[in-house]
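fold the stuff below for me.
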Amino acid sequence: MTEVQIMVQLPDQVESMEQLEAVIDAKGQQIKQQLFEHQLASLIQRQKAATEDIACPECQKKSHLQRLSTAPTKD
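Below you'll find the model as predicted:
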């Protein structure tokens, strides 16, 4: 589980409930976008590292060729 701390700046004075709601909605969208971008970047890095650990491109090529040569053929 990842713990995230968020600091948000809100206006000192809000004139109405509608304005407060609009400000909070806007901040919520910003937070959502930033969290998504951060988590997506993290996910891409983990997947990239995992695929690099599997094998080098030459080994993957050989592995692919071996699968083709051992694939059952239809007569």
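
show the pLDDT at residue 41.
Here, the pLDDT recorded for residue 41 equals 89.

ugh, wrong one, I meant residue 32
94.

burial measure for it, as a count.
Close neighbours of residue 32, defined as other C-beta atoms under 10 Å, add up to 10. The C-beta positions use only the backbone N, C-alpha and C, and glycine is treated the same way.

so which strand or helix has it?
helix 17-54 (DSSP states H and E).

so for that helix, what gets flagged as buried?
Residues of helix 17-54 classed as buried: none (neighbour count, 16 or more other C-beta atoms under 10 Å).

low pLDDT regions in this protein?
52-75 (pLDDT under 70).

check contacts around residue 4.
residue 35 (C-beta atoms under 8 Å, 6 or more residues apart in numbering).

mind checking the SS state of it?
coil (DSSP: H, G, I helix; E, B strand; the rest coil).

how close does it sit to residue 38?
To residue 38, residue 4 is 8 Å away according to C-beta to C-beta, to the nearest Å.

likewise for residue 45?
11 Å.

with residue 18 instead?
Using C-beta to C-beta, one gets 31 Å for the distance from residue 18 to residue 38.

so who does residue 43 touch?
Residue 43 makes contact with no residue, according to C-beta under 8 Å, 6+ apart.

how much space between it and residue 2?
11 Å.

what's the overlap in contacts for the two?
Joint contacts of residue 43 and residue 2 (C-beta under 8 Å, 6+ apart) do not exist.

what are the contacting residues of stretch 22-36?
By C-beta under 8 Å, 6+ apart, stretch 22-36 touches 4, 6, 8, 10-11, 14.
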